[in-house]
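show me the folded form of this:
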Amino acid sequence: MKKIIFLVLYLSVVNAIADVSKGKAVYSANCAMCHTVNGGQALGPDFNMVSYTRKKEDIMHYVKDPYSMYKKFGYSANAMPTLPLEDSEIKEVAAYIDSLQPFKKWMIKKKN
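Presented below is the predicted three-dimensional model:
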């Protein structure tokens with residue numbers, strides 16, 4: 001039983017690493033012209049900050065349909081085009097963005 005649990009965990013980690021590395025390639029080919037990583041000036045927000053403030057699922061929804069999500073993200077207008085990405089590529093680039101910031105702002109418990 002322990003071997004099965006270990007194998008499942010191992011495969012999950014391997015898949016997550018594969019998604020992140022594939023996502024970096026998707027970022028380079030489709031996002032890097034408008035978004036930086038770890039500082040710099042660009043039209044869109046830096047992906048390190050996006051990772052800090054957004055959940056992976058929200059990133060996936062935004063990439064898939066930015067026109068329906070920009071208000072939820074707090075933007076007054078949308079400059080991001082709908083990219084011709086497959087669902088698997090959207091998942092991969094979201095995994096890459098999510099991996100950039102290990103400590104997430106949204107994880108902080110709010111004091112009452």
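
so what pLDDT did the most centrally placed residue in the chain get?
Taking Cα atoms, centre = their mean, the centroid of the chain lies closest to residue 94, which sits 2.8 Å from it. Residue 94 carries a pLDDT score of 94 in this model.

what helix or strand is it on?
According to DSSP states H and E, residue 94 maps onto helix 87-99.

sorry, back to before: next, the contact list for the residue nearest to the centre of the chain, please.
Applying Cβ atoms under 8 Å, 6 or more residues apart in numbering to residue 94 gives the contacts 23, 56-57, 59-60, 63. From N, CA and C alone the C-beta is placed, and that goes for glycine too.

helices of the protein, start to end?
Taking DSSP state H to define them, one finds helices in the chain at 2-30, 47-53, 56-64, 66-69, 87-99.

what angle separates the helix holding residue 94 from helix 56-64?
Angle, helix 87-99 to helix 56-64, by axes from the mean of the first three to the mean of the last three Cα atoms, to 10 degrees: 130 degrees.
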